[in-house]
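*Asks:* Next one to model:
(2 chains)
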Amino acid sequence: MSIGALAQSIINGFSSAGIYILVALGLTLVLSIVNIVQLSHGEIYMIGAYSVYYMVVSLGLNFFLALVISTLLIGGLGILLERLCFRPFRGQPDRAMIISIGLILVLQSVVLSIAGGTPRSYSSPFTGVLQILGASISWERLVILLIGFGLIAVLFLFVRMTKTGQAMLAISQDREGAALQGININRISAVAMFLGCGLAAIGGALVGSLFSISPTMGSFALMKGIAVIILGGLGSIPGAVVGGLILGLIDGIMPVLATTYLAGLIGFGAIIIILIFRPQGIWGHE
Amino acid sequence: MNKRLLIQILSYGVLIIFMFLLPLFFPGLYVTHVLILIVINIILASSLRLINLTGQMSLAHGGMMTIGAYTSTLLVMKLGISSWAALLLAGFSAAIIACLVGFPFVRLKGIYFSMVTIFLAQMVTLTVQQWRSMTGGSSGIYNIPRPDPIVIPGILNITFTSSVNCYYLVLVILLVSLIMLYAIEHSRIGLTFRGIQQSDSLAESVGMNTTGFKVLAFSIGCFFPGLTGGFYSQYIMAINPDTFSFLFAIYILIYMIVGGSGKFIGPILGAFILTVLPEVMRPLKQFQPFFFAGVLMLVIFLMPEGIVGLPRRLKVVAGRLFKEREERA
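*Replies:* Predicted structure coming up:
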């Protein structure tokens, strides 16, 4: 394999990693703050892709404008879901998970009945290929990489610098302690759902510009997101980044060296090994 | 006491005989197919409940059925062994795989365990899709032979070419499975499972090997979907990697939750009701996911213990109403 092809697969790996991390960050935020496993997270991601599709193709909006609007809309949907479906089951994670399973069915069939089952596609405004050192890298992937990692950096700063971010950290460490300090758990939960769903929507929209979109695309994202947060450590933001990078690079490089199947198998093997030697994940703590 | 036991046994006997007579009342290929689906779903939901006894929720049942189906199919079609042995081996192969992955998996608690089981099921599907030389890839395997006939010369000759006989076969599998599951639940092992469900750190502190028992529950609970998967592939005579998808595992979970996972009868009721109702409402087939989701959410919001908890809940509600009226008077 030439150096060019290697560089290309590494860039591809990084851009997949960006998407996985966006999805996983949403999952991990919701998991540690709202304290539920949001199994319908993949469906949120799918709806993100579809809403951008409709805004770009039917309304003829600019891709970036559509991206921002759909992120806000779907973040709002997240707040709604938290209020109606998850808040009644706070403290009962098992039942909340079952509710989210119900949501998978509902959201998937709503989109299926509106948009139909045929895969659709739209293109982002970036076309063409960048040639560096014999590697040809599509601008689309580079833009995805930049947006993805830019958002991750913003989220880091948000959690570090703002009062709301610190409140999130406090809740994830000790729920009752945080409540006693006067942190409004309802408000922070809504913020977490907004951010989580918004990030998933951006991830879906970015993937939609690369590949085609379909009502069942969410399960793939959910699987990757779950794998990333188990690998990196449940509820940990740096863990999600590390886990996402590992899985993304495996998925970027292995198909070039061997097969896609091997990439999946190695990802699975990595999870089993991590579970045996470090059950709390790479970055997690007990 | 003895009299009550007798009545109980008699009523179960009548129910079983009724189940065996059902195809006579409702002949026809379609009804038989639905009956078989009901029985299969009951086995699956009940075995899922056994795993749930230790407080774990598995979503790998679809994957386990795929393992069972492919094991039995390949053993019969490539090695030519008896379909009965293949059926048993299908169950054991699922149980062994569950045991192997169980040790790392059970280190995760609660919902995290469910997440890795989803992942396991995904890996099974992926493996089957990729191993084309063995499994035929995405298009699957066709012309799987039906179960071998049972022949005792001069006395008995049962062939399984007709669906009705397949129904009888799966009914026997159901009865044996339910008896086994019931016996396990009411044995010492079952008590240990419950102890682990209530507090696994306490169970561990009094010297129970919680990891071992969790893996045991997971393996036994996966034996039955393996077996059922083997049977289903022989009954349908075809199998492909998407037959038992992630959605399928979710439906089984819904049967268990809606029926009520607290009691043995719960998953049986849930699987029965939720398999029959969509068939009755067949014209609305396209709304089936809505229907399932709606029922699921209704049950979760209104009946925390599932359908089996309904009588008690009604009693509580009625009692409250009655009291209020009394106070007002």
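*Asks:* Let me know the average pLDDT across stretch B:95-111.
*Replies:* Averaged across stretch B:95-111, the pLDDT comes to 86.
*Asks:* what about that stretch and chain A, any contact?
*Replies:* Yes: Stretch B:95-111 is in contact with chain A by CB under 8 Å from any CB of the partner chain, via B:Val101, B:Phe103, B:Pro104, B:Phe105, B:Arg107, B:Leu108, B:Gly110, B:Ile111. C-beta coordinates here come from the backbone N, C-alpha and C atoms, glycine included.
*Asks:* out of everything not next to it in sequence, what's closest to the second one?
*Replies:* In this case it means B:Phe103. Distance criterion CB to CB, 6 or more residues apart in numbering or on different chains; nearest residue to B:Phe103, sequence neighbours excluded, is B:Val215 at 5.9 Å.
*Asks:* Where does residue 44 fall, secondary structure wise?
*Replies:* You didn't pick a chain, so chain A it is. Per DSSP states H and E: A:Ile44 is located in helix A:41-53.
*Asks:* That was the other one, I meant chain B.
*Replies:* Assigned by DSSP H and E, B:Leu44 belongs to helix B:29-52.
*Asks:* Tell me which helix or strand comes right after that helix.
*Replies:* Following helix B:29-52 in sequence order, the next helix or strand is helix B:61-74 (DSSP H and E).
*Asks:* which helices and strands does that following helix pack with?
*Replies:* Applying 3 or more CB pairs under 8 Å, 6 or more residues apart in numbering or on different chains; DSSP states H and E, we find helix B:61-74 packed against helix B:29-52, helix B:83-105, helix B:110-130, helix B:132-135, helix B:210-236, helix B:246-259.
*Asks:* quick one on the thing from earlier: widest-spaced pair of the residues of stretch B:95-111 next to chain A?
*Replies:* For the residues of stretch B:95-111 next to chain A, the farthest-apart pair by CB to CB is B:Phe103 and B:Ile111; their separation is 19.2 Å.
*Asks:* which one of these two has more residues nearby?
*Replies:* B:Ile111 (19 against 16; other CB atoms under 10 Å in any protein chain shown).
*Asks:* From what I see, that one and A:Arg95 are in contact.
*Replies:* No: taking contacts as CB atoms under 8 Å, B:Ile111 lies outside contact range of A:Arg95: 10.7 Å.
*Asks:* Quick check: residues of the stretch 151-286 of chain A near chain B?
*Replies:* Contacts of the stretch 151-286 of chain A with chain B, taken as CB under 8 Å from any CB, map to A:219, A:223, A:226-227, A:230, A:234, A:259, A:261, A:264-265, A:268, A:271-272, A:275-276, A:279.
*Asks:* Return the member of those residues nearest to B:Leu310.
*Replies:* A:Ser219 (32.8 Å).
*Asks:* Which helix or which strand is home to that closest one?
*Replies:* Secondary structure from DSSP H and E places A:Ser219 in helix A:218-232.
*Asks:* got a list of what A:Ala167 touches?
*Replies:* If you count contacts by CB atoms under 8 Å, 6 or more residues apart in numbering or on different chains, A:Ala167 has them with A:Ala178, A:Ile183, A:Ile188.
*Asks:* what's the closest non-adjacent residue to B:Gln56?
*Replies:* If the residues on either side of it in the chain are set aside, B:Gln56 comes closest to B:Phe113, at 5.0 Å by CB to CB, 6+ apart.
*Asks:* Could you double-check that the one you found lies in contact with B:Ala60?
*Replies:* No: here B:Phe113 does not reach B:Ala60: they are 10.0 Å apart, not a contact under CB under 8 Å.
*Asks:* hang on, the earlier thing: any idea how far the residue nearest to B:Gln56 is from B:Glu305?
*Replies:* 22 Å (CB to CB, to the nearest Å).
*Asks:* ok, now which ones touch B:Thr161?
*Replies:* Counting by CB under 8 Å, 6+ apart, B:Thr161 has contacts B:Arg146.
*Asks:* Low-confidence bits of the chain, can you list those?
*Replies:* As the question left the chain open, I've gone with chain A. Scanning chain A for pLDDT under 70 picks out A:1, A:133-135, A:284-286.
*Asks:* not what I meant, chain B
*Replies:* Within chain B, the ranges that satisfy pLDDT under 70 run B:1, B:285, B:328-329.
*Asks:* Pop the domain breakdown of it in here.
*Replies:* If you go by automatic domain parsing, the domain ranges for chain B are B:35-244, B:246-329.
*Asks:* thinking again about what came up before, out of the helices and strands packed on helix B:61-74, which gets nearest to B:Thr275?
*Replies:* That would be helix B:29-52 among those, by CB to CB, at 4.6 Å.
*Asks:* Check which helices and strands that closest one sits against.
*Replies:* Against helix B:29-52 (3+ CB pairs under 8 Å, 6+ apart) you get helix B:2-25, helix B:61-74, helix B:163-185, helix B:210-236, helix B:246-259, helix B:265-280.
*Asks:* if you compare those helices, which one is most tucked away?
*Replies:* Among the helices and strands packed on helix B:29-52, ranked by average contacts under mean count of other CB atoms under 10 Å in any protein chain shown, first place goes to helix B:61-74 (a mean of 29).
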